[in-house]
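Student: Just need the structure, nothing else, for what follows:
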Amino acid sequence: MDFTFLASTMVTLLKAVPTTLILFSLSIFFGGLLALVIVSMRVSGNPVLSGFAKGYIFVFRGSPLLIQMFLVFYGLGQFGVIRYSFLWPFLREPMVCAVLSLALCTAGYTAEIFRGGIRAVSPKEIEAARSIGMSGFLLVRRILAPIAFRHALPAYSTEIVLMMKSTALASLVTVWEVTGVAQRLISQTYRTMEVFLCAAIIYLVLNFIILQGMALLEYSLSRHRRAAPQALKA
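Tutor: Residues are numbered from 1 along each chain as shown. The predicted model follows:
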């Protein structure tokens, strides 16, 4: 094992980590916002809005992310209304296309995760909130959203980890994140094993940090469940 080469490779790949983190963060942020819109439509009770949300979720969960990314990167420019619009200077950029495709995809999965969290909220808790005068946005902000998010957090943490790994596909649309730089190094050195080993270590560390952060968030949101046994002992 050539440790000198491994060290130099690790340094080169670490320089691409900020690009990976930017890609990941923007995708999660915009995907989460879109997921809130989709899940609101899904549970609205309006058959048109609910039908649109179901169709969106089916399309983006049922088709491969790689194909979605290729359609966004190579396909949008085929439409004159887009190519000659004010959006084209942005949509022709590989980073924007990668973020857009990742966000659209994760929104479909995240919307279903959030819907599962909403369905897990006990009707008795909602009735109790309404009995003391809560309704509308106040009910959602203080009761429905916090409880639903706690229920959805374990599944959502898995989706976040999957999105971190999915950023590797951005290399196929010429975004030079960790995997893209790794592939370029392999084409120059023909040392596949060492380069991909370094890349795998970087992804493992990033996902470990994400999982620890999500575990801390879940721990902080469940203080009431830990306080109950202590109160019973007292």
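Student: thought residue 115 was touching residue 43?
Tutor: Yes. Using CB atoms under 8 Å, residue 115 is in contact with residue 43, at 6.4 Å. The way it works is simple: take the backbone N, C-alpha and C, and place the C-beta from them, glycine included.
Student: got the contact list for residue 181?
Tutor: Counting by CB atoms under 8 Å, 6 or more residues apart in numbering, residue 181 touches 12-13, 15-16.
Student: Try it again at 10 Å.
Tutor: Residues in contact with residue 181 (CB atoms under 10 Å, 6 or more residues apart in numbering) are 9, 12-17, 19-20, 171, 195, 199.
Student: related to what we said a few turns ago, please say which of residue 115 and residue 43 ends up with more neighbours.
Tutor: residue 115 (20 against 16; other CB atoms under 10 Å).
Student: Report the mean per-residue pLDDT for the helix or strand that contains the more buried one.
Tutor: Assigned by DSSP states H and E, residue 115 belongs to helix 94-119. Helix 94-119 shows a mean pLDDT of 94.
Student: In three-state terms, label the residue nearest in space to the middle of the chain for me.
Tutor: The chain has residue 28 as the residue nearest its centroid, 3.8 Å off, counting by CA atoms, centre = their mean. What DSSP: H, G, I helix; E, B strand; the rest coil gives for residue 28 is helix.
Student: Wait, it touches residue 109, no?
Tutor: No. Using CB atoms under 10 Å, residue 28 makes no contact with residue 109, being 11.5 Å away.
Student: Can you tell me which of the contacts of residue 181 is nearest residue 145?
Tutor: residue 20 (29.9 Å; CB to CB).
Student: what's that closest one sitting at in phi/psi?
Tutor: Dihedral pair for residue 20: phi -60, psi -40, per degrees, to the nearest 10.
Student: The nearest residue to it once chain neighbours are set aside: neighbour count?
Tutor: Spatially, and ignoring its direct neighbours in sequence, residue 20 is nearest to residue 177 (4.1 Å; CB to CB, 6 or more residues apart in numbering). By the criterion of other CB under 10 Å, residue 177 has 25 neighbours.
Student: And for residue 86?
Tutor: When neighbours are counted by other CB under 10 Å, residue 86 comes out with 6.
Student: Ramachandran angles for it?
Tutor: According to degrees, to the nearest 10, residue 86 has phi -70, psi -10.
Student: before we move on, the earlier item: residues shared between the contacts of residue 115 and residue 43?
Tutor: residue 53.
Student: what's near enough to touch the residue nearest to residue 20?
Tutor: By CB under 10 Å, 6+ apart, residue 177 lies in contact with 13, 16-24, 95, 98, 167-171, 199.
Student: distance of it from residue 155?
Tutor: As judged by CB to CB, to the nearest Å, residue 177 and residue 155 stand 25 Å apart.
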